[in-house]
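Visitor: Need a 3D model of the sequence below.
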Amino acid sequence: MARSTTSMKKKSYTRYSDAYRQEALALADRIGVAAAARELGIHSSQLYQWRSKVQQQQDTSGRERSLAEENARLKRQLAEANEELAITKRPRPDGGPELREEPEVKYAFIHRHRQAFSVQRMCHVIGVARSGYYAWRQREGATSPKRSQQAIIDQRVAKAYHQRKGRSGAPRLTLDLRDDGMPINRKTMAASLQRQGLRAKAARKFKATTNSRHSLPVAPNLLEQNFMASAPNQKWVGDITYLATGEGWLYLAVLIDLYSRKVVGWAMSERMTADLVCDALQMALWKRKMPKGVIVHSDRGSQYCSMLYQSLLTRHELKCSMSAKGNCYDNACAESFFHSLKVEAIYGEQFKTRDVMRSQVFEYIELDYNKQRRHSAIGMISPEAFEARMIA
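Guide: Numbering: from 1, shown residues only. Next up, the predicted model:
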């Protein structure tokens, strides 16, 4: 009997780096396997398989399990303490000392931030009874239609704001709520955010990190500041940045597909070496099913000019492109991504260890930036939504 055409086709598999698997399992530990698989777009069985392999390689003693349980308990206590500290730092809209006001003012504070913190925790920190807060809510329920409508809007706006982890302002949140079926304009959104004292995280300046003072050969600039692509895997841009932790620097290398602005490859390390950029490139090749002929653009840093990185490009038939010396605009898209990462996920936070920073960066790239964050260059939708819409 002749084999069917379907059975003759080879199955296509996606390969994942060790760093990706490690962070994916860490995410599954935090939010559950099913939720992590859904967020990352992979099968739950894949996570279970990775977890089983890790467990087989580890011979965890009773003492190690006891330490892990103690660590989890301490983390819960730390989370509770951090939440209480965050509550005390929440400003009121006019900047006044909220927590020293009359009970009605405190109740209003709790009501504004009930999407971010538990009512029980806020009542404990502020020093009011939950019964008093709920009684106040009942009294406030008999308000004017305008205030009732504002309360509904504020609740939806606060929920959308905290779902975006405080990273989006009025323009993006307006689109979020419209997608959820709520007709709202930007002016109404901005007014609601102002009433609740909610602001998108502010920007800071940052500087380049790579060293272009070397004698290694460089490649021509094939990109020439043309950041448009008509299909995936035509142009990738890469760069390196540094992230501060209590243990020292953590270096991050990324590769971005200019078609959708999706981060297709990333790697993190304690050292800024050629291995770092090679690992990011290898991840991009695996995720994109080993394409050939891609223009891979970067600056003239020694890592990108190294023999190790150049040989990887040659072996996979990729075209190397490099920025002009000292011109940051030649790699503006990668710089823009680092700007968004640091403003939205790094600044204002404290990272005691590199592992905590790794988890934060992993979740920002794989769960927020690629899947959810609206990008102005692709019509204010996420990179994955853009690829799904344009390729379908």
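Visitor: Where do the strands of the stretch 101-250 of the chain begin and end?
Guide: With strands called from DSSP state E, counting those that start in this stretch, the stretch 101-250 of the chain shows them at 235-245, 248-257.
Visitor: Can you report how many residues lie near residue 188?
Guide: For residue 188, the neighbour count with other Cβ atoms under 10 Å is 16. For every residue, glycine as well, the C-beta is placed using N, CA and C.
Visitor: Could I get the pLDDT score of the closest residue to it other than its chain neighbours?
Guide: Of all residues not flanking residue 188 in the chain, residue 153 sits nearest, at 6.8 Å (Cβ to Cβ, 6 or more residues apart in numbering). Looking at residue 153, its pLDDT is 81.
Visitor: Could you report the separation of residue 153 from residue 35?
Guide: With distances taken as Cβ to Cβ, to the nearest Å, residue 153 is found 29 Å from residue 35.
Visitor: Who has more neighbours out of these two?
Guide: Per other Cβ under 10 Å, whichever of residue 153 and residue 35 has more neighbours is residue 153, with 18 against 13.
Visitor: show me the contacts for the more buried one.
Guide: By Cβ atoms under 8 Å, 6 or more residues apart in numbering, the contact list for residue 153 reads 184, 188, 192.
Visitor: So which of the residues you listed belong to helices?
Guide: Using DSSP state H, the subset of the contacts of residue 153 located in helices is 188, 192.
Visitor: of the contacts of residue 153, closest to residue 67?
Guide: Nearest to residue 67 among the contacts of residue 153: residue 192, at 46.0 Å, using Cβ to Cβ.
Visitor: And that closest one, how far from residue 155?
Guide: Counting by Cβ to Cβ - residue 192 and residue 155 are separated by 9 Å.
Visitor: Of these two, give the one with the bigger neighbour count.
Guide: The residue with more neighbours, out of residue 192 and residue 155, is residue 192; 23 against 16, by other Cβ under 10 Å.
Visitor: Is the spatially closest residue to residue 16 that is not a sequence neighbour in a helix, a strand, or coil?
Guide: Of all residues not flanking residue 16 in the chain, residue 286 sits nearest, at 6.9 Å (Cβ to Cβ, 6+ apart). What DSSP: H, G, I helix; E, B strand; the rest coil gives for residue 286 is helix.
Visitor: re the thing from before, quick one: which of the contacts of residue 153 is nearest residue 178?
Guide: Set against residue 178, the nearest of those by Cβ to Cβ is residue 184 (6.7 Å).
Visitor: List the residues that contact residue 256.
Guide: Here residue 256 is in contact with 236-238, 262-264, 333-334, 337 (Cβ under 8 Å, 6+ apart).
Visitor: same thing but at 6 Å, please
Guide: 237, 263, 333-334, 337 (Cβ atoms under 6 Å, 6 or more residues apart in numbering).
Visitor: What is the burial count for the closest residue to residue 173 other than its chain neighbours?
Guide: Sequence neighbours aside, residue 160 is the residue nearest to residue 173 in space, at 5.1 Å (criterion: Cβ to Cβ, 6+ apart). For residue 160, the count of nearby residues is 25 (other Cβ under 10 Å).
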